[in-house]
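Chemist: have a look; sequence and predicted model below, questions after that.
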Amino acid sequence: MLPTEELSSALQGLSDPDSSVRRNAAEALAAADERAIYPLMKALRDENPGVQDAAMRSLIAVGGEVTAYMALPLLRETPFLRNTARIILKQLGRISVPLLRPLFLDKDDDIRTFALDLVAEIGWCDYPAEVARLLETDPNQNTRASAARALGVLGNTEGLPALISALRDNEWVCFSALESIATLRDGSAVDAVLSLLDSPSETLRYAAIETLGRIGSPESSAKLAGRLPRASDIEKTAIIRSLVQIGLTPSMAEVSDLLIEMFTQGEWEDRLIALKGLADLKDTRAIPVILDIAGAVDPSEPESEERLQAVKETLLSFGCVPALTAVLTDKHAKFRSQAIAIEALGELRCENAVPQLVAVLDGDLREVRRSAVPALAEIGGDEVLKVLRKCVDDRDGHVRNSAMTALGRLGDQESFDHLLRRLDVENYKDVLEVNIQALLMISEDRVVAAMPALAPAVKELIGRSTNNVDLLLSLSSEKELNVRLAALAGLGRLRDDRAHGRLAEAFRDKDAEVRKAAVISLGQMNSGAEELKKALGDKDMWVRLYAVKALGESGDAETAKAVIPLLHDTETPVVLSAIDALVQSGNSNAVTLSALQNHRDERVKERVARIMENQC
C-alpha cells in the first residue's frame with residue numbers, strides 16, 4: 001500500500017504540466033487504495049496516450065467493485081473511453097459481472113450488447129437465464145447474436161432451447177447460435193441443425209455442416225453421407241470434414257479424391273483432418289501426395305512436430321505397401337520426403353524394402369543415407385547385418401555412428417573385431433565414443449582381453465564409458481595419468497567393495513591429481529568417511545577442499561569435529577568450503593565461526609557475517 005505522503009505526491013503529480021511526470025504519477029498510483037480511483041478515472045481523459053495507458057493499468061491494479069462501478073459510465077463515452085472501460089471491466093473479472101446485469105435492461109442497444117460481450121469475455125455469469133432471455137426477446141439482432149455467443153462461452157446447456165430457437169432467427173444470429181451449439185456439443189441439437197441443410201443460403205448450410213462435425217454425433221452421419229451426391233463442391237468438402245471428425249469416413253470413391261484434394265490445397269488444420277480420413281480409407285494413391293507436402297515442412301517451425309507426427313501415423317496405417325517404398329526410387333522426390341518414408345518403413349519393419357534401403361546407401365543424399373541405417377537396423381536380419389558391418393567404414397560419420405549403435409544394440413559378435421580395428425582410424429571423438437559403447441555392449445570380456453593393445457586415448461574413453469568394475473580396476477593402474485583419472489572417476493559411479501578399496505588405496509598416490517580424483521569419487525559414493533578425514537591433512541589444497549566438500553555432503557555425524565580445524569587453513573577456498581560444510585551439517589554456531597570475524601580475507605568475513613546474521 002502506498003504511504004500517505006507518497007499518495008499525496010502522486011495525486012498532485014497527475015496535474016503536472018510535464019506529461020512524463022503525470023505518467024510516472026499514474027504508474028505510482030497502482031499501489032494506492034480507493035482514494036486514487038477518481039483521479040485515475042479523470043486521467044483516462046489526459047491528452048497524452050502514455051498517461052492514459054498508465055492510468056488504465058493502475059485502475060486495474062487497484063481493482064475492486066468501486067473501480068468497476070466507476071468504469072461503467074465510460075461505456076457511453078467516446079470510442080476510446082468505451083474500449084478502455086471494456087478492458088478495465090474485463091481485467092477486473094468476476095467482480096464486474098453483477099454490475100453488468102442491470103445493463104441488460106438498458107434502452108441503448110449498444111449498452112446491452114457491450115454488457116453481453118463483457119460477460120462472454122470474462123467467461124463467467126451467475127444469471128445465465130437472463131442471457132437466454134435476451135436471446136429470445138431482445139429486438140436488436142446484434143444483442144441477440146452477442147447473447148448467443150455468450151451462452152456458448154459460458155457452457156450453459158440450460159440455454160440450449162434458446163439457441164435452438166435462434167436457428168430460425170436471421171443469419172447473423174443463427175451463425176452465433178451454431179457456434180455456441182458446436183461448443184456445447186449436445187446431441188439433442190442435431191435435428192435442429194440438420195434442418196438447416198435445406199436452407200437456401202449456402203453459407204448457412206456450410207456452417208450447419210461444420211457444426212454437426214464439431215458436435216461429433218453419430219446420429220447426424222447418415223444424413224450427412226446421404227447428402228453427399230447432391231451437395232455442392234464446397235459442401236462436399238465440409239461434409240467429409242465433419243464425417244471424418246465424427247469418426248465415420250464414408251468409403252465412397254469420390255471421398256478419397258476430395259480428401260486428397262483437401263490435403264493438397266487446404267491449410268494444415270484441414271490437412272490434419274484429411275490425414276485422419278485417408279488413414280481410415282487406406283487409399284495408397286494418397287501416399288506420394290502426403291510425402292510430397294510433408295517433405296516441404298520446415299522442421300524448425302513450432303508446429304512441425306505435430307504435423308510430421310500426424311503424417312507418420314497416417315503412413316504407418318497403410319502398412320508395408322509398394323507406394324511407400326516407391327518414393328525411394330523417385331528422382332523427383334524431396335530428400336525430406338524420402339527420409340520420412342524411410343523412417344516409416346523402419347518402424348513397420350518392412351522386409352520388402354531392404355533392397356531399396358540398401359540402394360539408398362549408395363546414393364549421395366546425406367540426410368537420406370543417414371535415415372536408412374536406423375531403418376535397416378529396425379528391420380534386422382542376416383542381410384541387414386552384413387550391410388551394417390560395411391557401414392562401419394562409411395564416408396559419413398553419422399552413418400558410421402548409426403551403424404555402430406545398431407550393431408552394439410543387436411550384440412553382433414561377428415562385428416567385434418572390425419569395430420575394434422576401427423578404434424585406430426576413427427577421426428571423430430563422438431563416433432569413437434559410440435564405437436567403444438558398441439564394443440562394450442557386444443562383449444565386455446573381449447574388451448578386457450584387448451586392453452593391452454589399445455591406445456591411451458581409447459582407454460581413457462573406455463574409463464569414461466564403462467561401469468564394469470574389472471575394466472575400471474584394470475584401467476586405474478595404467479601408466480597414463482588421464483587413463484587412471486578416468487577410471488577412478490568411473491569407480492565413483494559404482495557401489496562396490498573392490499572399487500572402494502581401490503579408491504582408498506589411491507589416497508597414497510604421489511600424484512595430487514590422483515588423490516583428488518579418489519576424494520571426489522568417494523564423495524560420489526557417499527562412502528569412506530575415514531579416508532576423507534585423513535585427506536583433510538593432505539598437502540595439496542584441492543585434495544583438502546574436495547575432502548571437505550565430500551564430508552559436508554555425507555551427513556556424517558562426526559563431520560564438524562573433523563572439519564573445524566580447516567577453518568584455520570592457509571588457503572581461503574578451503575576455509576570457505578569448511579564453512580559451507582559446517583552449515584550443511586548444522587554445526588555453524590556462532591561460537592565456532594566467531595574467530596573468523598577478523599579473517600584476513602574479505603570473502604570469509606562476509607560469509608561469516610551473513611551466517612551469524614541469519615542465526616540472530
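Modeler: Nice, I can see it. Treat the numbers as computed from the prediction; the structure is a model and nothing was measured.

Chemist: check contacts around Asp186.
Modeler: Counting by C-beta atoms under 8 Å, 6 or more residues apart in numbering, Asp186 touches 157, 160, 215. Any C-beta I mention is one placed from the backbone N, CA and C, and that applies to glycine too.

Chemist: also Ala562?
Modeler: 533, 536, 551.

Chemist: repeat that for Arg227.
Modeler: 197, 235, 239.

Chemist: element containing it?
Modeler: According to DSSP states H and E, Arg227 maps onto helix 221-227.

Chemist: so for that helix, what gets flagged as buried?
Modeler: Using 16 or more other C-beta atoms under 10 Å as the test for burial, helix 221-227 gives 221, 224-225, 227.

Chemist: do stretch 279-290 as well
Modeler: 279-281, 283, 286-290.

Chemist: now, which of those residues lie within strands?
Modeler: In strands, judged by DSSP state E, none of the buried residues of stretch 279-290 are found.

Chemist: show me which of these is closest to Asp330.
Modeler: Of all the buried residues of stretch 279-290, Asp330 sits closest to Pro288, with 7.6 Å by C-beta to C-beta.

Chemist: ok, the closest one - contacts?
Modeler: Contacts for Pro288 (C-beta under 8 Å, 6+ apart) come out as 323, 326-327, 330, 333.

Chemist: out of those residues, list just those in helices.
Modeler: Using DSSP state H, 323, 326 are the members of the contacts of Pro288 that sit in helices.

Chemist: before we move on, the earlier item: the following helix or strand past the helix holding Arg227: which residues count as buried?
Modeler: As assigned by DSSP H and E, the chain's next helix or strand after helix 221-227 is helix 233-246. The neighbour-count check on helix 233-246 (16+ other C-beta under 10 Å) flags 235-246 as buried.

Chemist: just to revisit the earlier point, just the closest of the buried residues of helix 221-227 to Leu566, please.
Modeler: Ser221 (78.8 Å).

Chemist: that closest one and Leu248 touch, don't they?
Modeler: Yes. Applying C-beta atoms under 8 Å, one finds Ser221 in contact with Leu248, separated by 4.5 Å.

Chemist: just the ones of the buried residues of stretch 279-290 in helices?
Modeler: Members of the buried residues of stretch 279-290 lying in helices (criterion: DSSP H): 279-281, 286-290.

Chemist: for those residues, which two are the farthest from each other?
Modeler: The distance between the two most remote of those (C-beta to C-beta) is 18.8 Å, for Asp280 and Pro288.

Chemist: show me where pLDDT drops low in the stretch 201-350 of the chain?
Modeler: Filtered on pLDDT under 70, the stretch 201-350 of the chain yields the residue ranges 252-253.

Chemist: circling back to that earlier point, distance to Asp106 added to the buried residues of helix 221-227, as JSON lines?
Modeler: Output for the buried residues of helix 221-227, formatted as JSON lines (distance: C-beta to C-beta, whole Å):
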{"residue": "Ser221", "distance to Asp106": "44"}
{"residue": "Leu224", "distance to Asp106": "42"}
{"residue": "Ala225", "distance to Asp106": "47"}
{"residue": "Arg227", "distance to Asp106": "43"}
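
Chemist: tell me what the strand or helix carrying Phe263 is packed against?
Modeler: Element membership for Phe263 (DSSP H and E) is helix 253-265. Packing contacts for helix 253-265, counted by 3 or more C-beta pairs under 8 Å, 6 or more residues apart in numbering; DSSP states H and E, involve helix 233-246, helix 268-281, helix 286-294.

Chemist: need those in CSV (columns: distance to Ala403).
Modeler: Formatted as CSV, these follow (distance: least, C-beta to C-beta, whole Å):
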stretch, distance to Ala403
helix 233-246, 41
helix 268-281, 33
helix 286-294, 25
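
Chemist: can you show me the CA trace of stretch 509-526 as CSV?
Modeler: The C-alpha trace of stretch 509-526 is given here as CSV (Å, rounded to 0.1, in the frame of the first residue of the first chain):
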residue,chain,number,x,y,z
ASP,A,509,49.4,-42.0,-4.6
LYS,A,510,52.2,-39.5,-5.0
ASP,A,511,50.3,-37.6,-7.7
ALA,A,512,47.9,-35.0,-6.2
GLU,A,513,45.5,-35.3,-9.2
VAL,A,514,45.0,-39.0,-8.5
ARG,A,515,44.4,-38.2,-4.8
LYS,A,516,41.9,-35.5,-5.8
ALA,A,517,40.0,-37.9,-8.2
ALA,A,518,39.9,-40.5,-5.4
VAL,A,519,38.4,-37.9,-3.0
ILE,A,520,35.7,-36.8,-5.5
SER,A,521,34.8,-40.4,-6.3
LEU,A,522,34.5,-41.5,-2.6
GLY,A,523,32.3,-38.4,-2.2
GLN,A,524,30.1,-39.6,-5.1
MET,A,525,29.8,-43.0,-3.4
ASN,A,526,28.9,-41.3,-0.1
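
Chemist: next, count neighbours for Gly537.
Modeler: Number of residues near Gly537 (other C-beta atoms under 10 Å) recorded here: 11.

Chemist: could you find the closest non-adjacent residue to Ala438?
Modeler: Leaving aside its chain neighbours, Ala438 sits nearest to Gly408 (3.0 Å; criterion: C-beta to C-beta, 6 or more residues apart in numbering).

Chemist: can you tell me which of the ones in helices among the buried residues of stretch 279-290 lies closest to Ala132?
Modeler: Of all those, Asp280 has the smallest distance to Ala132: 38.8 Å, by C-beta to C-beta.

Chemist: once you drop chain neighbours, what's closest to that closest one?
Modeler: Closest residue to Asp280 apart from its sequence neighbours, by C-beta to C-beta, 6+ apart: Thr249 at 4.0 Å.

Chemist: for the one you found, phi and psi?
Modeler: Dihedral pair for Thr249: phi -70, psi 120, per degrees, to the nearest 10.

Chemist: count of residues packed around it?
Modeler: 21.

Chemist: distance of the residue nearest to the spatial centre of the chain from Leu44?
Modeler: Taking C-alpha atoms, centre = their mean as the criterion, Pro302 is the residue nearest the geometric centre of the chain, at 10.3 Å. Applying C-beta to C-beta, to the nearest Å, the value for Pro302 to Leu44 is 38 Å.

Chemist: just give me the neighbour total for the nearest residue to Trp124 once chain neighbours are set aside.
Modeler: Spatial nearest neighbour of Trp124, chain neighbours left out: Arg94 (5.4 Å); criterion: C-beta to C-beta, 6+ apart. Residues near Arg94, counting by other C-beta under 10 Å, number 12.

Chemist: roughly how far apart are Arg94 and Glu65?
Modeler: Here Arg94 is placed at a distance of 11 Å from Glu65 (C-beta to C-beta).

Chemist: residues near the closest residue to Leu475 other than its chain neighbours, how many?
Modeler: Distance criterion C-beta to C-beta, 6+ apart; nearest residue to Leu475, sequence neighbours excluded, is Ala487 at 3.6 Å. Ala487 has 28 neighbours, counted by other C-beta under 10 Å.
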